[in-house]
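Enquirer: sequence first, predicted model second:
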Amino acid sequence: MSEVLPVGHDDEDKRAFAWHLMKTSNDVVTGFAKIMATTAMTAIGVLLSLAGFLKVGTNFAGWKAVLLAIACFAFLAATLLFSWAVRGQRLAISPDDYDDVVEQFLRAARRRQQVINVGLGVVTVATICGLVAVLAALTAAPGP
């Protein structure tokens with residue numbers, strides 16, 4: 001049978017340090033991911049509005065329509081990635097051992113950063129596809 005030691009002053013200091021570290025770091029990362037999730041969803045609306053303004057049926061035929069669809073799905077995928085980065089990660093912190101807390105936090109932070117980096121890459125691809133499709137539709141549009 002295991003024996004539980006009383007929580008000492010050092011344990012309370014470690015707990016306070018771990019909580020402060022997680023709170024301050026997570027606020028910045030999740031704040032950025034929330035902004036990017038909103039931005040990616042807004043980009044879908046802007047892109048579809050531009051397509052509607054440029055008359056989708058006539059100017060967005062063939063490969064331009066494919067690029068437009070890829071851009072919309074990529075923005076949606078980026079929104080899902082950023083939303084995943086915002087969600088909380090469960091860390092196993094026991095009152096008996098705080099030595100693993102920092103390592104667990106760093107592992108979760110690395111995962112979050114990797115997901116955000118992938119999301120930013122997807123947003124970049126979506127933006128390029130959307131811009132190419134819109135610019136090609138603008139050049140193909142009949143003049144006034």
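Expert: Arrived safely, thanks for sending. Residues are numbered from 1 along each chain as shown.

Enquirer: and G62, what are its phi and psi?
Expert: Phi and psi for G62, reported as degrees, to the nearest 10, are phi 70, psi -130.

Enquirer: three-state assignment of I35?
Expert: helix (DSSP: H, G, I helix; E, B strand; the rest coil).

Enquirer: for it, what are its contacts?
Expert: Neighbouring residues of I35 by C-beta atoms under 8 Å, 6 or more residues apart in numbering: there are none. To be clear about C-beta, it is placed using only N, CA and C from the backbone, and glycine gets the same treatment.

Enquirer: can you do 10 Å?
Expert: When contacts are counted by C-beta atoms under 10 Å, 6 or more residues apart in numbering, I35 is found next to F82.

Enquirer: from L21, how far off is it?
Expert: Separation of I35 from L21 (C-beta to C-beta, to the nearest Å): 23 Å.

Enquirer: excluding chain neighbours, what is closest to the residue nearest the centre of the chain?
Expert: To find the centre residue of the chain, average its C-alpha atoms and take the closest one (C-alpha atoms, centre = their mean): that gives F82, at 1.8 Å. Take F82 and drop its neighbours on the chain: the residue closest to it by C-beta to C-beta, 6 or more residues apart in numbering is A37, 3.8 Å away.

Enquirer: ok, that neighbour touching A78?
Expert: Yes. Contact status for A37 versus A78: in contact at 7.9 Å, counting by C-beta atoms under 10 Å.
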